[in-house]
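In: need coordinates for the below:
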Amino acid sequence: MDLVAVWLGALDGTTWWEQDADEPAYSASLMKLPIATAAQRRHERGEIDLDAEVLVHDDFDSVVAGRRYVLDRDDDQDDATWDEAATQDSRTTLRELRRRALVMSGNLATNLLLEAVGIDEVTSVLSEAGCSDRTQVVRGIDDSPAQRAGISNVVTARDLGGLLAHTPSAVEEILLDQHYRDAIPAGLPAGTTIANKTGWIDDHTHDMAIVRPSAGQGGQPFALVVLTRLAGVSYDDGNRRIADLAAQAWERRR
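Out: Residues are numbered from 1 along each chain as shown. Predicted structure coming up:
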């Protein structure tokens with residue numbers, strides 16, 4: 001079924017505009033944000049060192065016990081991590097992997113980061129952000145045994161709005177360097193500070209952002225989430241629809 005879900009609100013969680021905000025959608029790459037936040041939390045507690053180097057590899061343990069899976073380079077946008085994977089014993093810092101996961105939406109980088117962080121910590125991040133049980137990050141990218149078992153990462157626009165409000169400043173700063181700017185940023189005025197994370201696969205095109213208007217624009221910072229599931233709609237058309245909704249959100253902001 002087609003879906004266009006929107007949540008717009010203040011960073012204290014106050015809703016300004018919503019549309020199907022509690023309807024679940026496949027997360028695509030939006031699940032990379034809570035993983036990045038989980039890494040920051042564990043780093044601040046001294047449980048992991050983001051500057052520690054980890055071995056780069058393309059095979060992972062499935063959440064289905066006793067099974068493993070391998071990622072496909074053709075499904076990734078992050079060449080740097082795959083180039084490292086092709087070199088025996090290549091290592092990269094968790095901090096750099098997190099940057100690639102967010103800025104380039106790297107799948108391999110995400111799974112390597114998740115391997116260090118752990119699903120339990122990601123679940124804790126979602127819980128502390130007040131997410132409902134409609135939002136779940138329960139497996140890594142392209143965990144094929146889990147996919148066949150019906151285990152999927154799902155999100156709602158409202159829950160992601162809450163997650164953005166709980167995003168650490170260190171993670172928000174990374175999002176300011178986002179490579180993919182054709183959705184929410186394309187619909188907002190020039191000079192606006194936008195920290196966004198996109199996600200797309202098949203008929204799904206999503207974007208979510210922390211938006212900070214300039215002093216000249218006026219108004220308080222806000223979070224905007226747009227999730228779309230539209231059969232037969234191209235990636236470019238999906239981005240244009242999100243940009244149009246972002247422009248509407250700008251007019252609706254308080």
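In: residue boundaries of the strands in the stretch 1-150 of the chain?
Out: 3-10, 15-19, 25-26, 53-55, 59-61, 68-70, 91-93 (DSSP state E, counting those that start in this stretch).
In: for residue 117, which of the ones you listed is the nearest?
Out: When these are compared by CB to CB, strand 53-55 sits nearest residue 117, at 11.1 Å. Quick note: C-beta positions are derived from backbone N, CA and C, even for glycine.
In: follow-up on the earlier one: what's the closest of the strands of the stretch 1-150 of the chain to residue 44?
Out: Closest approach to residue 44 among the strands of the stretch 1-150 of the chain is made by strand 91-93 (16.4 Å; CB to CB).
In: ok, residues contacting the closest one?
Out: 50-56, 81, 84, 112 (CB atoms under 8 Å, 6 or more residues apart in numbering).
In: and the most centrally placed residue in the chain, how far from residue 205?
Out: The residue lying closest to the centre of the chain (CA atoms, centre = their mean) is residue 30, at 2.5 Å. Separation of residue 30 from residue 205 (CB to CB, to the nearest Å): 11 Å.
In: okay, and the common contacts of the two?
Out: Joint contacts of residue 30 and residue 205 (CB under 8 Å, 6+ apart) are 198-199.
In: which of the contacts of strand 91-93 fall in helices?
Out: Within the contacts of strand 91-93, residues falling in helices by DSSP state H are 81, 84, 112.
In: mind listing what's buried in stretch 4-16?
Out: If you call a residue buried by 16 or more other CB atoms under 10 Å, then stretch 4-16 has these buried ones: 4-11.
In: cool, stretch 63-77 as well?
Out: 64, 69, 71, 76.
In: what average pLDDT does that stretch get?
Out: Average pLDDT, stretch 63-77: 97.
In: what's the distance between stretch 37-52 and the middle of its chain?
Out: 18 Å (CA atoms, centre = their mean, to the nearest Å).
In: same thing with stretch 159-166?
Out: 11 Å.
In: who's in contact with that stretch?
Out: Residues contacting stretch 159-166 (CB under 8 Å, 6+ apart): 7-9, 11-13, 15, 21, 30, 33-34, 37, 125-126, 128-132, 134-135, 208-210, 223-225, 227.
In: so the spatially closest residue to residue 176 that is not a sequence neighbour is in which element?
Out: Nearest non-adjacent residue to residue 176, counting by CB to CB, 6 or more residues apart in numbering: residue 195, 5.1 Å away. Residue 195 belongs to strand 193-201 when elements are defined using DSSP states H and E.
In: give me the helices and strands touching that strand, please.
Out: helix 32-44, helix 169-175, strand 204-212 (3 or more CB pairs under 8 Å, 6 or more residues apart in numbering; DSSP states H and E).
In: what strands flank that strand, and is each parallel or antiparallel?
Out: Note on strand 193-201: by DSSP bridges, its sheet partners are strand 204-212 (antiparallel).
In: could I have the strand it pairs with exported to CSV, CA atoms only?
Out: The C-alpha trace of strand 204-212 is given here as CSV (Å, rounded to 0.1, in the frame of the first residue of the first chain):
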residue,chain,number,x,y,z
HIS,A,204,10.9,3.5,-0.7
THR,A,205,12.4,7.0,-0.6
HIS,A,206,12.9,8.7,2.8
ASP,A,207,14.6,11.6,4.4
MET,A,208,14.8,13.0,7.9
ALA,A,209,16.6,16.2,9.1
ILE,A,210,17.4,18.5,12.0
VAL,A,211,16.8,21.9,10.6
ARG,A,212,18.2,25.1,12.1
